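Asks: structure here, sequence nowhere to be found:
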């Protein structure tokens, strides 16, 4: 038994009564890398002093993949975010089909994704890749579930994010494959991991239902960990989940599930 993956956890969802820099430092202490959401919410100097290794952070502030105005705003705020990412040493900067607002709902919901929107999204991601080359950073595109948390987000399904990322097929654009969202929307997680593997930058996890740590829901996370190891995956696995009780216990449950 060993630890073949780089384990990380989303600081925003744990110890929610503590300052973010304290959470980052505590995760480092426990041997985890750190995931963040929106950087303007935080004191960057304090985060730097935490000494944490940052695995992933939201890679833009506003914008959309699907139209000219939204694409311009996304690329503008993604370039600004790339500077912050480089300052903190963040490994991956995360994107979605459209900006998310209160409660994770899309700022600009889409009922039907047209062929023209697909082509525009691919073009926008190509421009993101060009900018990422200039800045020396890596972006990821995350799948989101539509039935429960993020109705109206275009390209929410893992099937869709995989289609876009694989069509761009560039080392500076990877998948943030979120298995919590995929379990709600699609299932068949091991085969999804297998088909996505060449483009995966990070895998994120939380149990279903409830979005809490592994072992609180229906997913066989230890089985998924064994399958990922057998596939040769040794990259980051991030817990983007709330704790069902004490955060330390939730993190140890996560660590145990991915020790194979």
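Replies: Received it, and whenever you're ready, just let me know what you need. Owing to the predicted nature of the structure, the values given are computational and were not obtained by experimental measurement. Numbers count the residues shown, from 1 in each chain.
Asks: so which strand or helix has residue 82?
Replies: helix 68-88 (DSSP states H and E).
Asks: residue 166: which element?
Replies: Residue 166 belongs to helix 158-168 when elements are defined using DSSP H and E.
Asks: what's whatever helix or strand comes next after that helix packed up against?
Replies: Counting by DSSP H and E, the next helix or strand C-terminal to helix 158-168 is strand 173-178. Strand 173-178 sits against strand 92-95, helix 115-135, strand 139-142, helix 158-168, helix 189-196, strand 200-205, with contacts defined as 3 or more C-beta pairs under 8 Å, 6 or more residues apart in numbering; DSSP states H and E. For the C-beta atoms, the positions are set from N, CA and C on the backbone; glycine is no exception.
Asks: I'd like the average pLDDT over the last one.
Replies: This points to strand 200-205. Averaged across strand 200-205, pLDDT comes to 98.
Asks: check the fourth one too.
Replies: Model confidence over helix 158-168, given as mean pLDDT, is 98.
Asks: what residues does stretch 23-31 touch?
Replies: 7-9, 11, 14-15, 18, 33-34, 47, 50-54, 248, 251, 255 (C-beta atoms under 8 Å, 6 or more residues apart in numbering).
Asks: still on that earlier bit, do you know which of the helices and strands packed on strand 173-178 lies nearest residue 174?
Replies: strand 200-205 (2.8 Å; C-beta to C-beta).
Asks: what lines up beside the closest one in the sheet?
Replies: strand 173-178 (parallel), strand 236-239 (parallel) (DSSP bridges).
Asks: any chance of CSV for those, columns mean pLDDT and mean neighbour count?
Replies: Shown next, in CSV, are the strands paired with strand 200-205 (pLDDT from 0 to 100; neighbours: other C-beta atoms under 10 Å):
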stretch, mean pLDDT, mean neighbour count
strand 173-178, 98, 24
strand 236-239, 98, 26
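Asks: next, format those strands as TSV and append distance to residue 126.
Replies: TSV is the format used below for these (distance: least, C-beta to C-beta, whole Å):
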stretch	distance to residue 126
strand 173-178	9
strand 236-239	25
